[in-house]
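In: dropping a prediction and its sequence here:
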Amino acid sequence: MNREDIFNTVTEIFRDIFDNKSLVLADHTTADDVEEWDSLAHIGIITAIQEEFSIEFSMESVFEMKNVGELVDAIMALHNG
Amino acid sequence: MMNNLLEYPFDSKMILRKRRAIKRELTGSPNLIEKRIAILGGSTTHDIREILELFLLKHGISSRFYESEYGRFWEDAMFGQEELLKFQPDIIYIHTSNRNISAYPVPGQTEKEINQLLEEEYTKYESMWNKLNEDYHCPIIQNNFELPYYRLLGNQDGVYLQGRVNYISRLNMKIYEYAQKHDHFFINDIHYQSADYGLKEWSDPFYWYMYKYALCINAIPTLAFHLSNIIKSIFGKNKKALALDLDNTLWGGIVGDDGAENLVLGEETAVGQAYTEFQTYLKQLQSQGILLNVLSKNEEENAVSGLNHPQMVIKPEDFLVIRANWEPKSVNLTEIAKELNLLPEAFVFVDDNPAEREIVRQQVPGAAVPEICKPEHSIYAIDRGGYFETTVLSADDLKRNEMYRENRQREKQKQSFSNYKEYLLSLNMAAEIAPFQQVYMARIAQLTNKSNQFNLTTRRFTQKEIEQLAARDDYITLYGKVTDCFGDNGVVSLVIGRVEKSCLHIELWLMSCRVLKRDLEYAMMDELAGQCLGRNIDTIYGYYYPTSKNGMVRNFYETQGFSKEEEDSQGNSRWIFHVTPNYEKKNTVIRLVKLGEHDE
């Protein structure tokens, strides 16, 4: 999977979770940019991504991700690693 | 349809992801009943609440929630949380796990010390349940404890008192003993659920360290599904009957093509064993009061020859209705329901053919249609679906098959009479009609939650509420229990009226459809009038609130001699009846007997 595919799949997950079909993400998007992206929604995002890509984040990496771009990079490293 | 995402076997991942869309779709469903559910958690409960809400909506229950602050289950229960008191829960769910066990035995502790530790831990819970019971009088659902995720003593951890497996097993036994002694106390069996799911994943510590969840997020739909089954069962929304296909469902092969003698059934072959075990399972369900029926596309004589196969575990007489013809199954299912005076949605339809399942799914909304594929997995499909989740096993449940069989004999007798009253007299009916009695409270509560058709106000009550009403001076309560020449129908009709000066307001009047058109409603009215006269009540007000199911009693009060006082645009109506000392009894076919006279 290339980065763009991963990015698109991540976007789909966000759209499902926030029930918002027109949600658009960018690499620099953070929780502050998306209404309702609170710590509880964050758990759902992480879980859905782990399931979708069959990966497991380390506990540290979950805290380290600062924006969508870093999230996608972390998925790439695990998924293609 | 998002709704289908919640059908067992469900994809947990998709439920979690699409929960908002599912909720949006289900929130507007018609005829939802509203319930207040308090979740007292020993760990994070946010996602449990969100997913539970979806499964309850699917069962027709719209819920409001109280959620304790993180980990405050015990404090909320013990110290009279004001917000919770105001909330007045209909159900309290205590979501605890082995993460909440305050201390485990350690190597070197003596038996006496460990017993004391166990007693202390258990007492903490028991005092909490007792307090909740005092304060809220509502059903309590309590998680048992799941197995520990590691074992210091390895495979002997369950043997030694110092082992956590042993300790948790003992703690669970004590909880079960409490449950056996308390009617409104139910276990949510996470011990079984986690084993079934896979303990290693269920208890993945990642979710505990990261988010303080006592189970992995993906297991939450499983937990919520089981919980919703318990709750819908408490509120009388269990399925009651099975409609079973024959060919390649109850036996291997096609009886019309292969002949009864060549059906695959019995202990001789692997496949035959699978069908035999499935039949044994169904027969056990029958002994718990589930009604068995045949719904098969077959020539009737072929179906019957198959049913008479010597290796059949279920005998032809075990089935209440046997319907074998070439009509669409959705039509037949609706007719079987009508014949048994049940709603089609009380049925679980069991068929190995995906096309038949689809037509029933589309045409008979509300009926459950489990995925039946391989014969060796048929039991799973029905068992894990939770359609018959048990919360009350009343004596009536156990006798239900018998009662329905008797009903069908009554039907036959009816056909031999040209005059309906003669038929009713031939039934030799006797009724016990009296204020609510303690022995019947479970059945009475069950009736208020299950009756939909002959039900004027469709008010639901818990057993606790029923007991409290029965004890009040300003209420008149009546139950009707009927026997006839074919057997005992049990408690089948209820009236609850609130006294206000010289008036009585009927808050509930219902009757089980198994005794429709037997004049019991007149006998109930006679007794009610008698009670009113005895208390100097001269006016009775009846109320009818329409639902999608109770159209049959729209004009019930008119047949009882009431006059309509008012009706609003939704069809809600109020009726009035003046009781006078020269009240003329309406029942002429049922003999009245005193309490207990029936039973010999």
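Out: Noted; the coordinates are in hand.
In: when you work out contacts or count neighbours from here on, use the C-alpha atoms and nothing else.
Out: Fine.
In: what are the boundaries of the strands in the stretch 101-250 of chain B?
Out: Ranges of strands in the stretch 101-250 of chain B, per DSSP state E, counting those that start in this stretch, are B:140-143, B:185-188, B:241-244.
In: next, format those as a markdown table and append mean pLDDT and distance to residue B:514.
Out: Formatted as a markdown table, those follow (pLDDT from 0 to 100; distance: least, C-alpha to C-alpha, whole Å):
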| stretch | mean pLDDT | distance to residue B:514 |
| --- | --- | --- |
| strand B:140-143 | 98 | 31 |
| strand B:185-188 | 97 | 29 |
| strand B:241-244 | 98 | 14 |
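In: so which of the ones you listed comes closest to residue B:159?
Out: Of all the strands of the stretch 101-250 of chain B, strand B:140-143 sits nearest to residue B:159, with 23.3 Å by C-alpha to C-alpha.
In: what's next to the closest one, contact-wise?
Out: B:91-97, B:129, B:184-190 (C-alpha atoms under 8 Å, 6 or more residues apart in numbering or on different chains).
In: and what of stretch B:541-553?
Out: Stretch B:541-553 is contacted by residues B:31, B:452-458, B:503-507, B:554, B:557, B:562, B:570-577 when judged by C-alpha under 8 Å, 6+ apart.
In: compute the first-to-last residue distance for that stretch.
Out: Stretch B:541-553 stretches 15 Å from its first residue to its last (C-alpha to C-alpha, to the nearest Å).
In: which parts of stretch B:351-364 are buried?
Out: Neighbour counts over stretch B:351-364 (16 or more other C-alpha atoms under 10 Å in any protein chain shown) mark B:351-352, B:356-357, B:360-361, B:364 as buried.
In: quick one: pLDDT of the residue of the stretch 401-550 of chain B found nearest chain A?
Out: Closest residue of the stretch 401-550 of chain B to chain A, C-alpha to the nearest C-alpha: residue B:548 (31.4 Å). Residue B:548 is assigned 84 on the pLDDT scale.
In: just the one 10 residues further on next, same as before
Out: Looking at residue B:558, its pLDDT stands at 94.
In: and residue B:599, by the same measure?
Out: pLDDT, residue B:599: 45.
In: pLDDT weak spots in the chain?
Out: Assuming you mean chain A. Low-confidence segments of chain A, defined by pLDDT under 70: A:81.
In: that was the other one, I meant chain B.
Out: Low-confidence regions of chain B, defined by pLDDT under 70, span residues B:1-3, B:393-398, B:596-600.
In: contact residues of it facing chain A?
Out: B:13, B:16-21, B:46, B:206, B:210-211, B:217-218 (C-alpha under 8 Å from any C-alpha of the partner chain).
In: make a ChimeraX selection of the buried ones in these.
Out: Per 16+ other C-alpha under 10 Å, the buried members of these correspond to this ChimeraX selection:
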select /B:13,16,17,18,19,20,21,206,211,217,218
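In: which members of the residues of chain B next to chain A are the farthest-apart pair?
Out: For the residues of chain B next to chain A, and using C-alpha to C-alpha, no pair is farther apart than B:21 and B:206, which are 27.6 Å apart.
In: deepest-packed of the strands of the stretch 101-250 of chain B, please.
Out: strand B:241-244 (a mean of 25; mean count of other C-alpha atoms under 10 Å in any protein chain shown).
In: in whichever helix or strand comes after that one, what counts as buried?
Out: Using DSSP states H and E, the helix or strand that directly follows strand B:241-244 along the chain is helix B:255-258. Judged by neighbour count (16+ other C-alpha under 10 Å), helix B:255-258 contains these buried residues: B:255-256.
In: how far out from the middle of the chain is helix B:255-258?
Out: Here helix B:255-258 is found 38 Å from its chain centre; the criterion is C-alpha atoms, centre = their mean, to the nearest Å.
In: show residues contacting it.
Out: So helix B:255-258 is contacted by B:247, B:262-263, B:298-299, B:302-303, B:306 (C-alpha under 8 Å, 6+ apart).
In: re earlier: and which of the contacts of strand B:140-143 is nearest to chain A?
Out: residue B:95 (18.2 Å).
In: what count of nearby residues applies to that closest one?
Out: Per other C-alpha atoms under 10 Å in any protein chain shown, the neighbour tally for residue B:95 reads 24.
In: apart from its chain neighbours, what residue comes closest to it?
Out: Ranked by C-alpha to C-alpha, 6 or more residues apart in numbering or on different chains and with sequence neighbours excluded, the top spatial neighbour of residue B:95 is residue B:41, at 4.7 Å.
In: for that neighbour, grab the count of nearby residues.
Out: 23.
In: same check, this time on residue A:39
Out: Around residue A:39 there are 11 residues (other C-alpha under 10 Å).
In: and residue 75, helix, strand or coil?
Out: Chain wasn't specified; assuming chain A. Judged by DSSP: H, G, I helix; E, B strand; the rest coil, the three-state class of residue A:75 is helix.
In: contacting residues for it?
Out: Contacts of residue A:75 were listed using C-alpha under 8 Å, 6+ apart, and they are A:6, A:53, A:55.
In: my guess is the first one contacts residue A:74, does it?
Out: Going back to what we said before, that points to residue A:6. No - applying C-alpha atoms under 8 Å as the test, residue A:6 and residue A:74 come out as separate, 10.6 Å apart.
In: excluding its backbone neighbours, what's nearest residue B:274?
Out: residue B:376 (5.1 Å).
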